[in-house]
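Asks: Need the 3D shape of this:
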Amino acid sequence: MRSNIFWLFIVIFSTEVVGNELVSWQLHGQSLELKTKVSQVTLTALTQDAIEVLYDADEKQIPSFAIDYDALKQNPNLASDVSVVEKPGQLLFTTAHMRAVVQKVPFGIRFEYKNNFLFAEESGFFNEHE
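Replies: Below is the predicted model of the structure:
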């Protein structure tokens, strides 16, 4: 009996922890809009070397001072063509040099530059690859 209660607890706890999953997605120009069970995430290709990630939150987004938005507006040629490929269990959002690999269940995002792993988002935090 104790064993059954233990496994029931593990199953319920695991479902809550890794319960976020991709529900739907839509490409709008340079932006990939991802809707999950918990929130919305938008990936935007700013250049062929940069993908902006915005998490929908109740709080105001803090601007990135590393991105020169004025330069991007003045030179729209910096923007890269994007593609989205859906594979079993994941989406690939790709520019000329960058790729965001979106895992559907549990939801997570991994970033690559010129086919080399950069970092991955895990449980809401970005973990640096060692």
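Asks: residue boundaries of the helices in the chain?
Replies: Using DSSP state H, the helices found in the chain span residues 2-17, 69-74.
Asks: The shortest one - what's its average pLDDT?
Replies: By that I understand helix 69-74. Across helix 69-74, the average pLDDT comes to 74.
Asks: among the helices of the chain, where is the model least confident on average?
Replies: Note on the helices of the chain: helix 2-17 shows the lowest mean pLDDT, a mean of 39.
Asks: and residue 52, bridged to which residues?
Replies: Residues in a beta bridge with residue 52, per DSSP bridges, are residue 44.
Asks: Pretty sure it sits against residue 30.
Replies: No - taking contacts as C-beta atoms under 8 Å, residue 52 lies outside contact range of residue 30: 9.4 Å. (C-beta placed from N, C-alpha, C; glycine too.)
Asks: Which residues are in contact with each of the two?
Replies: Listed as contacting both residue 52 and residue 30 by C-beta atoms under 8 Å, 6 or more residues apart in numbering are 44, 46.
Asks: Count residues in the vicinity of residue 29, would you?
Replies: By other C-beta atoms under 10 Å, 9 other residues sit near residue 29.
Asks: Can you give me the distance of it to residue 114?
Replies: Here the criterion is C-beta to C-beta, to the nearest Å. By it, residue 29 lies 23 Å from residue 114.
Asks: mind listing the strands in this protein by residue range?
Replies: Remark: strands assigned in the chain by DSSP state E are 22-28, 31-36, 40-47, 50-55, 83-87, 90-94, 98-103, 108-113, 116-122, 125-128.
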